[in-house]
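Asks: just coords:
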């Protein structure tokens with residue numbers, strides 16, 4: 001049985017473009033306007049980056065739709081991704097993971113890889129493979145640096161995953 005926290009990390013990877021193949025389908029995003037029913041990540045890298053999802057609260061028995069729209073602030077062919085996940089009001093992260101990544105891990109998800117500086121990337125992805133996600137509210141932060149150490153993506157999000165229906 002898979003650790004539910006590992007599943008949450010997998011969800012963060014899917015949200016950002018499928019940086020690893022974690023039992024999820026292919027990832028495609030496109031730009032949509034934010035509505036009250038959508039969650040929105042906070043951009044911590046500057047520049048043009050938008051990551052949204054709906055519904056705002058994820059139901060593991062339902063489906064979720066993710067939208068990414070960004071202009072790459074730096075090129076990327078390989079680098080490092082760092083993921084930290086916290087439970088609200090807890091100081092230390094419950095997950096702190098750093099992984100080396102390259103285009104071979106992303107080729108099925110982001111066809112633009114290698115990514116050129118200034119590239120406009122829009123993806124739209126819907127999945128119903130959510131049953132392994134743990135319930136609760138989680139705060140996640142993901143940073144992706146390229147092989148030169150330049151920040152390519154940085155975002156923070158609060159994601160609520162609903163519990164079982166009774």
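Replies: Okay, I see it. What you see is a predicted model, and the numbers here were worked out from it, not measured in a lab.
Asks: Do you have the helices of the chain handy? List them.
Replies: Applying DSSP state H to the chain gives helices spanning 4-15, 103-106.
Asks: Among those helices, show the one with the smallest mean pLDDT.
Replies: When the helices of the chain are ranked by mean pLDDT, helix 4-15 comes last with a mean of 44.
Asks: how near is residue 84 to residue 58?
Replies: 19 Å (CB to CB, to the nearest Å). Every C-beta, even on glycine, is put in place using the N, C-alpha and C of the backbone.
Asks: go on, residue 130?
Replies: Distance from residue 130 to residue 58, by CB to CB: 6 Å.
Asks: Over to residue 135?
Replies: From residue 135 across to residue 58, the span is 9 Å (CB to CB).
Asks: Compare neighbour counts for these two and give me the winner.
Replies: Counting neighbours by other CB atoms under 10 Å for residue 135 and for residue 58 shows that residue 58 has the greater number, 20 against 14.
Asks: what pLDDT does the more buried one get?
Replies: At residue 58, pLDDT is 92.
Asks: tell me the contacts of it?
Replies: When contacts are counted by CB atoms under 8 Å, 6 or more residues apart in numbering, residue 58 touches 64, 130, 133, 159, 160, 161, 162.
Asks: Quick one: buried ones out of the residues you listed?
Replies: Among these, those classed as buried by 16 or more other CB atoms under 10 Å are 64, 130, 133, 159, 161, 162.
Asks: now the fourth one, nearest residue through space, not along the chain?
Replies: Nearest residue to residue 159, sequence neighbours excluded (CB to CB, 6 or more residues apart in numbering): residue 138, at 5.3 Å.
Asks: With the last one instead?
Replies: Of all residues not flanking residue 162 in the chain, residue 59 sits nearest, at 4.9 Å (CB to CB, 6+ apart).
Asks: Count the residues that sit near that neighbour.
Replies: Burial measure for residue 59: 17 neighbouring residues, criterion other CB under 10 Å.
Asks: That one is in contact with residue 160, isn't it?
Replies: No. Using CB atoms under 8 Å, residue 59 makes no contact with residue 160, being 10.0 Å away.
Asks: Pull up the overlap in contacts between residue 130 and residue 58.
Replies: 64, 161.
Asks: Show the contacting residues for the residue nearest to residue 74 when sequence neighbours are not counted.
Replies: Nearest non-adjacent residue to residue 74, counting by CB to CB, 6+ apart: residue 150, 3.8 Å away. With contact taken as CB under 8 Å, 6+ apart, residue 150 is in contact with 73, 74, 75.
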